[in-house]
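[1] Following is a predicted model, sequence given first.
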Amino acid sequence: MINPKRMLSKIASLILVLSLNQGLIKAVQPVERSVGRLHISIDPRIELLSTIQLLSNYPVVNRDLPYSKDVLTCFEGFSSLEAVTLTNSLLQNHGFSYDAPVTFMFYLSQPPELEPKIMFSDYLLKRSGEGNNLEQYRKSIKVFAETSNFKDFWNSKVPFYNKILDMTIADMGGKDLIKAMEDYFNETQDSYNIVIAPAFRGGYGPKIPDTDGKEHIYACLSTTNMKDDNPYLSGENLLNYVWHEFGHSFVNPLTEKYAKKVTSLNQLYEPIRNAMSMQAYGNWETCVNEHIIRAIHIRLMELHIGSQQSKALLESDLKSRFIYIEQLIEKLKEFENQRDRNKITFSQYYPELLNVLDSLQKIEYWKQVSTNFSGPLNAVSIETKIAVIFPTQDPDTEALKIVQEYTQMIFSRLFEPRGSILLADTTALQTDLSEFGIVAYGTIESNLFLKQHAPTFPFKIENQTIYADKEYTDKDIKFISCIPNPYNPEKGMSIYTALSNQAIDGINNVFHGGEDYILFLNRETVINKGFYNKGEKWTF
């Protein structure tokens with residue numbers, strides 16, 4: 001006969017076990033904060049994605065951070081799982097990269113369930129190659145999370161994630177970025193979400209619907225600064241990302257709405273196709289979005305931060321070949337007047353911006369724009385053809401080996417997937433590089449290619465001193481600079497150098513690209529950065 005007390009005890013134990021299991025499932029939740037209408041978090045779904053991307057050949061992640069190295073050490077035994085191999089094949093066969101994988105993860109519930117919360121969008125299905133690819137990828141990621149005990153890794157890092165959020169919020173300085181943006185557009189969104197991803201490079205701004213018909217905008221961003229070995233997103237970069245990435249959620253739907261008119265203007269794309277494609281703007285529609293969003297960003301900077309900062313941002317965008325942006329900025333000033341006077345919204349005014357582009361197409365405006373290289377550093381990497389050059393001469397053979405191996409590693413991660421070439425300095429001097437963007441590593445003396453062209457540089461390095469805007473003698477200082485390709489002024493060259501080859505190890509880790517040059521000791525200690533004066537000869 002069954003003892004009722006024993007039966008009740010067993011039922012209670014079963015309920016306890018089920019409750020504990022549910023608790024374990026629910027334990028993998030975002031680490032999060034709220035600052036006004038701005039929600040800031042580190043999300044398990046995105047960290048799971050970046051873990052898989054770090055193990056794969058995916059190029060747009062930062063494998064050099066201490067956090068990334070922890071991930072690789074912890075999960076290296078799981079690199080043969082299907083989620084990793086699918087990441088590679090989806091990238092190679094369908095271009096499933098940049099915003100697409102990130103957006104895909106936001107369509108799923110938190111691990112370990114990772115169930116679709118809503119149907120995948122047509123955009124995601126198209127980016128993944130149609131068919132059953134997304135569902136297969138989802139299932140493989142779920143298996144990866146379970147097999148690798150991702151939950152345990154996440155829980156071990158929660159104190160680290162909390163530090164990232166605390167330092168990021170402290171650096172914001174109390175600016176109400178959301179109010180400034182909503183006031184500008186005279187429109188609002190359902191929610192604003194910053195997701196910080198420590199291992200990412202750059203940022204993405206997807207818009208995610210929910211089952212109630214609301215749409216939530218996200219900016220999924222990398223960290224930009226380090227302090228006491230802790231990464232965080234600086235207030236300056238947070239401002240830039242919010243105004244840019246959230247801007248997509250206001251602008252992109254309008255470009256879709258007026259798709260026929262936008263398509264009629266695609267002649268404007270051809271003169272800047274290569275530069276746009278290398279920045280992941282592979283079609284005219286995304287190029288239109290970027291032009292308009294960047295123009296709005298510049299206006300927000302002018303209105304809320306200062307004219308010096310807005311001018312620097314404009315200069316950077318022009319150098320990145322956003323050649324129609326100045327005319328859009330002038331038209332936005334008209335919108336601001338009409339908004340304040342007549343209370344119109346940005347959505348109502350948007351067709352006027354397309355009319356500006358129409359007028360530029362009719363006069364073939366691109367023919368008036370100089371094609372000579374004028375920086376910034378990012379403009380070198382957008383070239384279709386890139387040659388990476390390593391040094392071969394240094395009496396300190398160990399130091400030479402360090403910089404050669406480092407150059408090989410950077411080439412493999414950032415350039416080889418794009419079909420770039422890797423050359424020794426001696427080979428580079430014998431090669432026609434007039435149609436290439438050039439990326440050169442090494443000291444001026446050890447890299448013979450740099451040594452030969454050094455007299456034309458706006459800076460000088462000799463006697464253990466860097467002569468730039470002033471003299472720098474710290475033995476650990478690193479210097480990154482861009483200049484025109486010495487064989488073709490329409491192409492660019494970026495130089496990664498220092499006073500010794502030992503100091504070049506890790507030189508890419510600093511946040512850089514929007515300037516012409518940067519001098520720094522490490523990721524968190526930037527000494528100076530800026531733009532050259534560009535006449536017939538570049539100068540400080």
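    Thanks, I have it.
[2] Q136 contacts L86, correct?
    Yes: counting by CB atoms under 8 Å, Q136 touches L86, with 6.8 Å between them. For every residue, glycine as well, the C-beta is placed using N, CA and C.
[3] Compare these two (neighbour count), which wins?
    With neighbours defined as other CB atoms under 10 Å, Q136 and L86 compare such that L86 has more, 21 against 15.
[4] How far does the strand ranked longest in the chain sit from its chain's centre?
    Determined from DSSP state E, the single longest strand within the chain is strand 488-498. For strand 488-498, the separation from the chain centroid amounts to 21 Å (computed by CA atoms, centre = their mean, to the nearest Å).
[5] On the C-terminal side of that strand, identify the next helix or strand.
    Remark: after strand 488-498, the chain's next helix or strand is strand 517-522, criterion DSSP states H and E.
[6] That following strand packs against which elements?
    Applying 3 or more CB pairs under 8 Å, 6 or more residues apart in numbering; DSSP states H and E, one finds that strand 517-522 contacts strand 478-485, strand 525-530.
[7] so what strands line up beside it?
    Using DSSP bridges, strand 517-522 pairs in its sheet with strand 478-485 (antiparallel), strand 525-530 (antiparallel).
[8] Of all the ones you listed, which one comes closest to Y161?
    For Y161, the closest of these is strand 525-530, at 24.0 Å, according to CB to CB.
[9] How about the residue nearest the centre of the chain: what's its closest non-neighbour residue?
    Nearest to the mean C-alpha position of the chain, by CA atoms, centre = their mean, lies G202 at 1.5 Å. Counting by CB to CB, 6 or more residues apart in numbering, S222 is the residue found nearest to G202 once chain neighbours are left out, at 6.1 Å.
[10] So which of the helices and strands packed on strand 517-522 is nearest K214?
    K214 lies closest to strand 525-530 among the helices and strands packed on strand 517-522, at 40.3 Å (CB to CB).
[11] hey, least reliable of the helices and strands packed on strand 517-522 by pLDDT?
    Mean pLDDT is lowest for strand 525-530 among the helices and strands packed on strand 517-522, at a mean of 92.
[12] Downstream of that strand, the next helix or strand is which one?
    That would be, after strand 525-530 and using DSSP H and E, strand 533-534.
[13] can you state the direction angle for the helix or strand hosting Q308 and strand 525-530?
    For Q308, the host element (DSSP H and E) is helix 307-319. Relative orientation of helix 307-319 versus strand 525-530 (axes from the mean of the first three to the mean of the last three CA atoms, to 10 degrees): 70 degrees.
[14] what helices or strands is the longest strand of the chain leaning on?
    Applying 3+ CB pairs under 8 Å, 6+ apart, one finds that strand 488-498 contacts helix 378-381, strand 437-441, strand 478-485.
[15] Starting from that strand, tell me which strands it pairs with and how they run.
    strand 437-441 (parallel), strand 478-485 (antiparallel).
[16] on that earlier part again, ok, and which of the helices and strands packed on strand 517-522 has the densest surroundings?
    Of all the helices and strands packed on strand 517-522, strand 478-485 carries the top mean neighbour count, a mean of 23, counting by mean count of other CB atoms under 10 Å.
[17] neighbouring contacts of it?
    Applying CB atoms under 8 Å, 6 or more residues apart in numbering, the external contacts of strand 478-485 come out as 372-373, 375-377, 379-380, 433-434, 436-438, 456-459, 461, 466, 468, 472, 491-498, 503-504, 507, 510, 512, 516-521, 538.
[18] Recalculate using a threshold of 7 Å.
    Outside strand 478-485, the residues within contact range by CB atoms under 7 Å, 6 or more residues apart in numbering are 373, 375-377, 380, 433, 438, 457-459, 466, 491-498, 503-504, 507, 512, 516-520, 538.
[19] how many neighbours does the closest residue to F96 other than its chain neighbours have?
    What sits nearest to F96 in space, not counting adjacent residues and going by CB to CB, 6+ apart, is L90, at 3.8 Å. By other CB under 10 Å, 24 other residues sit near L90.
[20] Please identify which helix or strand holds L90.
    Assigned by DSSP H and E, L90 belongs to helix 82-94.
[21] buried stuff in that helix?
    Neighbour counts over helix 82-94 (16 or more other CB atoms under 10 Å) mark 82-84, 86-87, 90-91 as buried.
[22] counting contacts, what elements does the helix or strand that it is followed by pack onto?
    Downstream of helix 82-94, the next assigned helix or strand under DSSP H and E is helix 99-106. If contacts are counted by 3 or more CB pairs under 7 Å, 6 or more residues apart in numbering; DSSP states H and E, helix 99-106 sits against helix 44-55, helix 122-127.
[23] tell me the angle of helix 99-106 relative to helix 44-55?
    In terms of direction (the same axes, to 10 degrees), helix 99-106 departs from helix 44-55 by 140 degrees.
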